[in-house]
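[1] no FASTA, just this:
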Ligand code: PPS
């Protein structure tokens, strides 16, 4: 470990209304909860590693008629503030950034449904939720917890599966997160998307987002957005590949942020026994809902 790594301690998780949050986010939660959005603001909510950055980039391009230059004006967390996040290596906190921006704004959050500031619902803001199947989401989070040195040390793979199943990771239980938004999707102004659908047919899902945002873009512009937001192009785009977050926050030698971008990578990580035990537990936790996740395409 380099000397730099010791500058930022890995966070400790603290429960807020039953959800484990990193201490620096938990201690700021009252201010986040009091944030009052404008009705024109758009919220993009996800469990971490479910396709947040991909969706934010798609939305930014849609809102700017596919203009690549405008959408390279700043790194993605500056263009689309991360509501609850603290300031890091030159990027102000979500609340500080929002205070400098006029609506309409595109706002990122990983907060569970019941922790979302009430103003989003009172003002009937549009909300896009993106969900990813649990096993691939876990794999992606495992690698990210290793490279993000502000997250608690994930430890070895087998133990990490248990932590994920118990919700002992930043932003808490995947199961409660997904169920919270799924159950409310028809009561709120909420578009519920799946990472797997985006992977299978990005054009179809980009057009779905476009319609939800009441936009009408030409076929050529949509084609450009599909191309620009492909995994390959996002990997080399310095405004979205998180190369702008250097050590000691992200250790890119442990994993890249744009890692594989596929459906089914869990098969390269779970043993058959681990997958069996995970699925058995999953059935119990998810039995009251029928969310059509796909674990392979
Ligand atoms: S974060 O930290 O929560 O904001 O991360 P998030 O952006 O939600 O998720 C990162 C994962 O999304 C993958 N990704 C993509 N997949 C396919 N196509 C595109 N364009 C794309 N952009 C990002 C990224 O590779 C991470 O998944 P894994 O499985 O780790 O590769």
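    That came through, no problem. As the structure is a prediction and not an experimental result, all values here were calculated from the model.
[2] going forward, measure contacts and count neighbours with C-alpha atoms only.
    Will do.
[3] which residues in the protein form helices?
    23-26, 29-33, 52-63, 76-79, 94-100, 118-122, 134-147, 157-166, 174-184, 195-200, 202-212, 219-228, 231-236, 272-285 (DSSP state H).
[4] near the ligand, which residues of the stretch 1-150 of the chain?
    By Cα under 6 Å from any ligand atom, the residues of the stretch 1-150 of the chain that approach the ligand are 48-54, 140.
[5] Neighbour-wise, which one of those residues leads?
    The most crowded member of those, judged by other Cα atoms under 10 Å, is residue 50 (25 neighbours).
[6] next one: phi and psi at the closest residue to residue 47 other than its chain neighbours?
    Spatial nearest neighbour of residue 47, chain neighbours left out: residue 110 (5.3 Å); criterion: Cα to Cα, 6 or more residues apart in numbering. Torsion angles at residue 110 (phi, psi; degrees, to the nearest 10) stand at phi -110, psi 10.
[7] Hmm, residue 83 and residue 95 touching each other?
    Yes - counting by Cα atoms under 8 Å, a contact exists between residue 95 and residue 83, whose distance comes to 6.1 Å.
[8] can you list residues touching both of these two?
    When Cα atoms under 8 Å, 6 or more residues apart in numbering defines a contact, the residues bordering residue 95 and residue 83 alike are residue 32.
[9] more neighbours, these two?
    Counted by other Cα under 10 Å, residue 95 and residue 83 do not tie: residue 83 has more neighbours, with 25 against 19.
[10] Let me see the contact set for the closest residue to that one other than its chain neighbours.
    Once flanking residues are discounted, residue 83 sits nearest to residue 94: 4.4 Å by Cα to Cα, 6+ apart. Contact partners of residue 94, counting by Cα under 8 Å, 6+ apart, are 81-87.
[11] swap in residue 84?
    With Cα under 8 Å, 6+ apart, residue 84 has these contacts: 25, 28-29, 32, 93-95, 109, 111.
[12] State the pLDDT value of it.
    Note for residue 84: predicted pLDDT of 97.
[13] just for the chain, where's the confidence low?
    Applying pLDDT under 70 to the chain picks out residues 1-8.
[14] ranking the contacts of residue 84 by neighbours, who comes first?
    residue 94 (22 neighbours).
[15] returning to that earlier point: I'd like the helices of the chain as TSV, with distance to residue 257 appended.
    As requested, those are exported to TSV (distance: least, Cα to Cα, whole Å):
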stretch	distance to residue 257
helix 23-26	21
helix 29-33	26
helix 52-63	10
helix 76-79	13
helix 94-100	20
helix 118-122	29
helix 134-147	7
helix 157-166	18
helix 174-184	20
helix 195-200	16
helix 202-212	20
helix 219-228	17
helix 231-236	8
helix 272-285	25
